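Asks: coords below, sequence missing:
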């Protein structure tokens, strides 16, 4: 089963880290991603630039509205994602537990809709 | 039965369908050929065959999965083992609480949708929807019925205890007459909690939770011991002080005391154990030790600082230092407990004792607006009549 692992966390927390701490945090994704690869569950994933770099677009009755920033102001923001293929929710949860951001953020596990080919 | 079949395929819907088909086949074959020597084993074998067929057709399953199942020996450690596993699975935090409760009662105790609807006082379609949503989430999110990983066990066991507590509470507060439904729910909750207590050590449950399981059992039996004395001859609920101790079930009280000892032996205090200790004090003969009760509520607040616990703590405290000293804090709870009838009843009682009849009457009327349960309404109405016999319009019973 495919899951989108959405990695949420307060950007303010990251901004408040010392350069060294921040470096260690980002570096910890290396071994984590490696384990996902070795387990054969990784299907994709990317880190994202902060919400300050985001742009939101809406179309309502042909009217286009472009806004600076993410779709909504939230206490935690989307920081990155992985696409995993695991047997079930428990296995996906085990991977979510190990994600470095789980320590201060929230990991959402969203099943991917299976589309008929 | 369901627990055993689930173990083979990890999928609730597949298991239920397989078992259902097996029962249908049993009815068909047995009415023709007569029942087999071992009907349980016959049904299980039939169910297993259907599970294997399903697994063979499932493109996601590996070849080895199915073949292991085919050759697996029927080493059945015993039904109690399975039921605990099933409880752990139904109480997954990945389902919303109300769905966990419904699913547990449905899968473990065989409650039908209609029975669940009656027990929880919701319309049948609402309960049916609840189970449908649960099964849909289980299917869509890939919640599988396999053994719970050690890292997730603590949270899972805590969820089981919470679900059992909710089931008992529902049974305990069921308002309607002949206590057929509520006694069943209370007794079912007690039985299942006993299972958790007895089997916990075999499943490596964390010590703190085993202590809490015993505490929860004690809490339940202490409350249930008073079941016969809780209502007067008209069926109206009696305040604790007016209940007749001779109607209390001594056997249950003893069982609760044994459970408390087992809990304390773990040396891991917790909220259920504290609530059990409070319930035990309420059962003690003679004048109530309100000092102790208030002290226990204070400790409970360090675990669960919620408005309801605060209310109970203040009520206990008022018995020690008087209503005047707690009134301010009691009134301050008004915002968070506005829709909680017992709050208004407690406030009314406090005003009454402080000889503020107008405020007492006001609070009682607010309580009556919030109360749905006819038995409780009648009790409150009677109180209104006693305190303020000639004032204002009488709310309808």
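Replies: Perfect, I can see it now. What you see is a predicted model; the values in this text were computed from it and never measured.
Asks: contact partners of stretch B:280-289?
Replies: B:218, B:222, B:225-226, B:240, B:245, B:248, B:253, B:256-257, B:260, B:292-293, B:296, B:319 (Cβ atoms under 8 Å, 6 or more residues apart in numbering or on different chains). (Glycine included, C-beta is placed from N, CA and C.)
Asks: any chance of a PyMOL selection covering the buried ones in those?
Replies: Buried residues within the contacts of stretch B:280-289, by 16 or more other Cβ atoms under 10 Å in any protein chain shown, are selected in PyMOL with:
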select buried, chain B and resi 218+222+225+226+248+253+256+260+293+296
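Asks: just the contacts of stretch B:280-289 now: which is nearest chain A?
Replies: Ranked by distance to chain A (Cβ to the nearest Cβ), the contacts of stretch B:280-289 are led by residue B:218 at 32.1 Å.
Asks: the closest one against residue B:263, yeah?
Replies: Yes. Between residue B:218 and residue B:263 there is a contact under Cβ atoms under 8 Å: 6.5 Å.
Asks: overlap in contacts, these two.
Replies: Common neighbours of residue B:218 and residue B:263 (Cβ under 8 Å, 6+ apart) are B:273, B:276.
Asks: would you tell me which residues of chain A are close to chain B?
Replies: Neighbours of chain B within chain A, by Cβ under 8 Å from any Cβ of the partner chain: A:1, A:3, A:86-90, A:92-94, A:97, A:109, A:111.
Asks: those into JSON lines, with extra columns for neighbour count?
Replies: Listed next are the residues of chain A next to chain B as JSON lines, based on neighbours: other Cβ atoms under 10 Å in any protein chain shown:
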{"residue": "A:1", "neighbour count": "18"}
{"residue": "A:3", "neighbour count": "26"}
{"residue": "A:86", "neighbour count": "21"}
{"residue": "A:87", "neighbour count": "16"}
{"residue": "A:88", "neighbour count": "17"}
{"residue": "A:89", "neighbour count": "22"}
{"residue": "A:90", "neighbour count": "21"}
{"residue": "A:92", "neighbour count": "26"}
{"residue": "A:93", "neighbour count": "21"}
{"residue": "A:94", "neighbour count": "14"}
{"residue": "A:97", "neighbour count": "13"}
{"residue": "A:109", "neighbour count": "18"}
{"residue": "A:111", "neighbour count": "16"}
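Asks: those in helices, which ones?
Replies: Residues of those located in helices (DSSP state H): A:89-90, A:92-94, A:97.
Asks: which elements pack onto the helix or strand residue B:108 falls within?
Replies: Per DSSP states H and E: residue B:108 is located in helix B:97-109. Packing contacts for helix B:97-109, counted by 3 or more Cβ pairs under 8 Å, 6 or more residues apart in numbering or on different chains; DSSP states H and E, involve helix B:2-9, helix B:79-90, helix B:113-119, helix B:124-140, helix B:150-173, helix B:180-199.
Asks: any chance of the ones you listed in JSON lines, plus mean neighbour count?
Replies: Below are the helices and strands packed on helix B:97-109 laid out as JSON lines (neighbours: other Cβ under 10 Å):
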{"stretch": "helix B:2-9", "mean neighbour count": "22"}
{"stretch": "helix B:79-90", "mean neighbour count": "20"}
{"stretch": "helix B:113-119", "mean neighbour count": "18"}
{"stretch": "helix B:124-140", "mean neighbour count": "17"}
{"stretch": "helix B:150-173", "mean neighbour count": "19"}
{"stretch": "helix B:180-199", "mean neighbour count": "19"}
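Asks: among those, which gets the worst mean confidence?
Replies: Among the helices and strands packed on helix B:97-109, helix B:2-9 carries the lowest mean pLDDT, at a mean of 68.
Asks: what does chain B put close to chain A?
Replies: B:10, B:60, B:94, B:140-144, B:146, B:148-149, B:151-152.
Asks: among the residues you listed, the buried ones, what's the ChimeraX command?
Replies: Buried residues among those (16+ other Cβ under 10 Å), as a ChimeraX selection:
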select /B:10,94,141,142,143,144,146,148,152
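Asks: which pair in the residues of chain B next to chain A spans the largest distance?
Replies: B:60 and B:151 (24.6 Å; Cβ to Cβ).
Asks: show me what stretch B:92-104 is in contact with.
Replies: A:89, B:87, B:90-91, B:116, B:120, B:127, B:130-131, B:133-134, B:137-138, B:141, B:143, B:155-156, B:159, B:162-163, B:166-167, B:170.
Asks: with stretch A:52-69 instead?
Replies: A:51, A:70-71.
Asks: please apply the same query to stretch A:83-91.
Replies: Against stretch A:83-91 from outside (Cβ under 8 Å, 6+ apart): A:1-5, A:36, A:41-45, A:92, A:95, A:109, A:112, B:10, B:94, B:141-144, B:146, B:148-149, B:152.
Asks: what do you get for stretch A:6-18?
Replies: For stretch A:6-18, the surrounding residues in contact (Cβ under 8 Å, 6+ apart) are A:22, A:25, A:50-51, A:75-82, A:99, A:101, A:104-110.
Asks: again, only using 10 Å
Replies: For stretch A:6-18, the external contacting residues (Cβ atoms under 10 Å, 6 or more residues apart in numbering or on different chains) are A:21-26, A:29, A:45, A:47-48, A:50-52, A:74-82, A:96, A:99-110.
Asks: quick one: low-confidence parts of chain A?
Replies: A:117 (pLDDT under 70).
Asks: all the strands of chain A, in order from the start?
Replies: Per DSSP state E, chain A carries strands over the ranges A:2-9, A:42-47, A:55-60, A:63-68, A:77-85, A:106-111.
Asks: isn't residue B:172 right up against residue B:237?
Replies: No. Between residue B:172 and residue B:237 there is no contact under Cβ atoms under 10 Å: 11.1 Å.
Asks: okay, and the common contacts of these two?
Replies: Common neighbours of residue B:172 and residue B:237, using Cβ under 10 Å, 6+ apart, are residue B:230.
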